[in-house]
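In: predicted coordinates and the sequence they were generated for:
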Amino acid sequence: MRTLDRLAARPLFMCCFRPFFLATAVYGVLVLLVWLAFLGAGQGVPAVPGGPFVWHAHELMFGFGLAAAAGFVLTALPEFTATAAFGRRVALAMVLLWAAGRLAFWSSGWLGAAGVVLSALLNVGFMGALVVLVAPRLWRDPERPHLSFLWGLVAMGLAVAGFQADVLRGLYPMRWVLVGVGVMMALILIVLGRVSMRIVNDALDAERVRHRAEEPLLRREDDEIVDYRARPPRRNLAIFGIALYTAADFLWPGSVVSGWLALAAAAAIFNVLNDWHVGRALFSRWALMLYAVYWLMALGYALIGVAALGAPLAPSAGLHLLTVGAMGVSIFAVLCIAGRTHAGFELDLRPWVQVAAIALCSAALARAASGFPGLPVAALRALSGAAWVLGYGLAAIYLGAVFMRARPDAGTGCEEVLNEPGVA
Amino acid sequence: MSLLRAWLAGLPAYLWSGWGAIASLFLLLAAWETVSLLYGPLVMPAPRAAFATLLGLIDSGAAWPELAITARRAMSGYALAVIAGSVLGLLAGLSMTASMMSRPLVTVLMGTPPIAWLVLAMLWFGASDGTPVFTVFVAAFPVIFIGALQGTRTLDNQLFGMAEAFRLPRRMMLTDVYLPHVVSYLFPAWIAALGTAWKVVVMAELLATQDGVGAALAVSRSHLDTAATMAWIVALVGLLLAVEYLLLEPIKREVERWREHAA
């Protein structure tokens, strides 16, 4: 116990996002390195029920993706609901539970039936614990404005439970990973709605300052730049479209009906971008990164749709625009934005951020391109994997240092940057 | 010129806002596909089959002449209804007595089903263009008449008082006080009537004429060709959507912006 307490006392466990975001970046690199080795040499992936593709999909969705999701909700939801931050012990316990889930799943093939049960208990237990931790705060919040997070987490928990139930029954469990992808896309839309309000309006403020500096006499000019607002009806339509597609594709995989619904989801996501066309401020680093997420997500669903309607391309092309693209880039953005500010650092303005973001977008595009007929599949997949490793490798190095270090200001937990050093 | 520039500058944003409508239409296609899966292609052909048939009709040159004939009839009846409905409605709105008197008559017109008018028109005009044109006119007229009537009746008398107090020139009175208000009522009525005209003309053609989309629908029905039926329906609805969203809706937004500011 004392060892654990000493571990929890390290700066890494000062706030829940720190260990989880570090794990996200490191694990993202690790899983892809193993996967690249498998694609190249045909081995190296642990034997799990369902085979190597299930391992790849499960670990990137429910391992990598959920580490980021857990880090975000355990940090952001206390802030949103104005309740106390989760302590160091929660951070340590949750990340250990997550790591145990990874270990159990990796070894579930070797350990036999006991391993499968253990993996199910730990992975479902992790999602259950996450829901139990945040549910009371979301529910007790006056008017419950953030309840959508709870539904998202519950749906994700059901996807994890469904996956494990299929494994226990000896079925091929991939369909539940696809449900997880749908839920993750919805959660990304919910999170970006909130994050973007801050990021895009900051960019607009910077644009107003620039205007004023360039045209000091035309003061009326800056009145024309209106504030950005992420409008819930458009976001809700997009989430509705994604949910319908996910449900239809679960019931009738790859059917024409789910193809039309995927196209509807794509159009509804493009519709969200009506809020986003705010002029030059869009081309600032962080705003553009978040904007790219919507494009990748919409294009992903569009490709899935046309593939289901009979276009000659692999359905996995669109799927990977969702996972590598929308999920990969949005998680990277959240790591950069929430990760740094809640560790007491200002946003990172160094060029590695752009390099990593471009690498992740390229990884998504290359992986999608490999699903088009006539293009070199193996080369594009290798390129995609390498670009992903570069992107998250840079994140692990540059952000990992931030997460493991003590805060530079007087903060003692998850607070954002304290402007006056030495004053708590 | 500045109006044109403003319109062009707003065009990309307007076109982009169409994604919401496109999303809804894709949801409709998914529902259509589901029905076709459940009940089979004889009851409801799949959307892609209907689109393929439509493309075939367009490629073979069969589609445009029929659509042109139908459009001509619909537009003739509609134009008559716009002129007569707007003028008479505005005039009736000017007098309390006239509007009191005309309301029940318009209700009678509105309440009479177009199919009843169609039967009368067939007796009067036979298989000529007169039948669909008259049916369209009589179906669209009351909608526009009511819009025009309400536009004039709801004019703000206080605004007139103020305009008079400021000795507003007659021309400004017309363009700045009278017209914007009336148009904000007339325009939605015109759009609603256009939809009615487009629907009624096909019905009239189906029963009364040898050519036009309605007649083509009658032929495809007699051949039990549901794919061709759906193809014609797609063509009709597609044209109406294009006219409404690319032409009328942008104008309507401009017109209604005035009402929003006033509110």
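Out: The structure has been received and is ready for your questions. Numbers count the residues shown, from 1 in each chain, chains lettered A, B, ... in the order given.
In: so which residue is dead centre in the chain?
Out: Looking at chain A here, since you left the chain open. The C-alpha lying nearest the average C-alpha coordinate of chain A belongs to A:Ile331 (C-alpha atoms, centre = their mean; 3.7 Å).
In: hm, I was asking about chain B
Out: B:Leu194 (1.4 Å).
In: name the SS class of that residue, please.
Out: helix (DSSP: H, G, I helix; E, B strand; the rest coil).
In: roughly how far does it sit from B:Gly18?
Out: Counting by C-beta to C-beta, to the nearest Å, the separation of B:Leu194 from B:Gly18 is 19 Å. The way it works is simple: take the backbone N, C-alpha and C, and place the C-beta from them, glycine included.
In: that older thread, please name the nearest non-neighbouring residue to the residue nearest to the centre of chain A.
Out: A:Ala68 (4.4 Å; C-beta to C-beta, 6 or more residues apart in numbering or on different chains).
In: check contacts around the closest residue to A:Leu335 other than its chain neighbours.
Out: Leaving aside its sequence neighbours, A:Leu335 sits nearest to A:Phe21 (C-beta to C-beta, 6+ apart; 5.1 Å). Contacts for A:Phe21 (C-beta atoms under 8 Å, 6 or more residues apart in numbering or on different chains) come out as A:67-68, A:71, A:335, A:339, A:399, A:403.
In: re the thing from before, check the gap between the residue nearest to the centre of chain B and chain A for me.
Out: Separation of B:Leu194 from chain A (C-beta to the nearest C-beta, to the nearest Å): 25 Å.
In: show me the contacts for that residue.
Out: B:78, B:140, B:240, B:243-244, B:248.
In: contacts only, for A:Ala230.
Out: Taking C-beta under 8 Å, 6+ apart, one finds A:192-194, A:196-197, A:275 in contact with A:Ala230.
In: pLDDT at it, what is it?
Out: Looking at A:Ala230, its pLDDT reads 85.
In: re the thing from before, so the residue nearest to the centre of chain A touches A:Ala70, yeah?
Out: No. Applying C-beta atoms under 8 Å, one finds A:Ile331 not in contact with A:Ala70, separated by 11.7 Å.
In: list phi and psi for the residue in the stretch 301-424 of chain A positioned nearest to chain B.
Out: Scanning the stretch 301-424 of chain A for proximity to chain B using C-beta to the nearest C-beta identifies A:Leu309 as nearest, at 6.9 Å. Dihedral pair for A:Leu309: phi -80, psi 0, per degrees, to the nearest 10.
In: C-terminal to the helix ranked longest in chain A, what's the next element?
Out: When chain A is parsed with DSSP state H, its longest helix is helix A:174-214. Remark: after helix A:174-214, the chain's next helix or strand is helix A:232-251, criterion DSSP states H and E.
In: which strands or helices does that following helix pack on?
Out: Contact here means 3 or more C-beta pairs under 8 Å, 6 or more residues apart in numbering or on different chains; DSSP states H and E; on that basis helix A:232-251 packs against helix A:174-214, helix A:256-272, helix A:285-308, helix B:18-39.
In: out of the ones you listed, nearest to B:Trp64?
Out: helix B:18-39 (23.1 Å; C-beta to C-beta).
In: list the contacts for the residue of the stretch 301-424 of chain A closest to chain B?
Out: A:256, A:259-260, A:263, B:48.
In: show me how far the host helix or strand of B:Val219 is from its chain's centre.
Out: Element membership of B:Val219, judged by DSSP H and E, is helix B:213-222. Relative to the centre of its chain, helix B:213-222 is centred 22 Å away, using C-alpha atoms, centre = their mean, to the nearest Å.
In: ok, residues contacting it?
Out: Against helix B:213-222 from outside (C-beta under 8 Å, 6+ apart): B:66-67, B:69-70, B:132, B:201-207, B:209, B:226, B:228-229, B:232-233, B:235-236.
In: list the buried ones in it?
Out: Judged by neighbour count using 16 or more other C-beta atoms under 10 Å in any protein chain shown, the buried positions of helix B:213-222 are B:213-218, B:220.
In: so where is the stretch 201-350 of chain A shaky, pLDDT-wise?
Out: A:215-224 (pLDDT under 70).
In: what residues does it put near chain B?
Out: When proximity is defined as C-beta under 8 Å from any C-beta of the partner chain, the stretch 201-350 of chain A approaches chain B at A:234, A:237, A:241, A:244, A:248, A:256-258, A:260-261, A:263-265, A:267-268, A:270-271, A:273-274, A:277, A:309-310.
In: one more time with 7 Å
Out: A:237, A:241, A:256-257, A:260-261, A:263-264, A:267-268, A:270-271, A:274, A:277, A:309 (C-beta under 7 Å from any C-beta of the partner chain).
In: which among the residues you listed count as buried?
Out: Using 16+ other C-beta under 10 Å as the burial test, those include A:237, A:241, A:256-257, A:260-261, A:263-264, A:267-268, A:270-271, A:309 as buried.
In: restricted to helices, list the contacts of A:Phe21.
Out: A:67-68, A:71, A:335, A:339, A:399, A:403.
In: show me which of those residues is closest to A:Gly305.
Out: Nearest member of the ones in helices among the contacts of A:Phe21 to A:Gly305, counting by C-beta to C-beta, is A:Ala68, at 26.7 Å.
In: ok, now how distant is that closest one from B:Leu247?
Out: From A:Ala68 to B:Leu247 the distance is 47 Å (C-beta to C-beta).
In: hmm, back to that, CA atoms only for the helix holding B:Val219 - export them in CSV, please.
Out: The C-alpha coordinates for helix B:213-222 follow below in CSV (Å, rounded to 0.1, in the frame of the first residue of the first chain):
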residue,chain,number,x,y,z
VAL,B,213,-45.4,13.3,-66.9
GLY,B,214,-48.8,12.4,-65.6
ALA,B,215,-49.7,10.5,-68.8
ALA,B,216,-46.3,8.8,-68.6
LEU,B,217,-47.2,7.8,-65.0
ALA,B,218,-50.5,6.4,-66.2
VAL,B,219,-48.6,4.3,-68.8
SER,B,220,-46.1,3.0,-66.3
ARG,B,221,-49.0,2.1,-63.9
SER,B,222,-50.8,0.1,-66.6
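In: I'd like the average pLDDT over that helix.
Out: 90.
In: next structured bit after that helix?
Out: In N-to-C order, the element after helix B:213-222 by DSSP H and E is helix B:226-242.
In: what's the angle from that next one to helix B:18-39?
Out: Interaxial angle of helix B:226-242 relative to helix B:18-39 (axes from the mean of the first three to the mean of the last three C-alpha atoms, to 10 degrees): 160 degrees.
In: which strands and helices sit next to helix B:226-242?
Out: Secondary structure elements in contact with helix B:226-242, counted by 3 or more C-beta pairs under 7 Å, 6 or more residues apart in numbering or on different chains; DSSP states H and E, are helix B:47-59, helix B:63-94, helix B:179-208, helix B:213-222.
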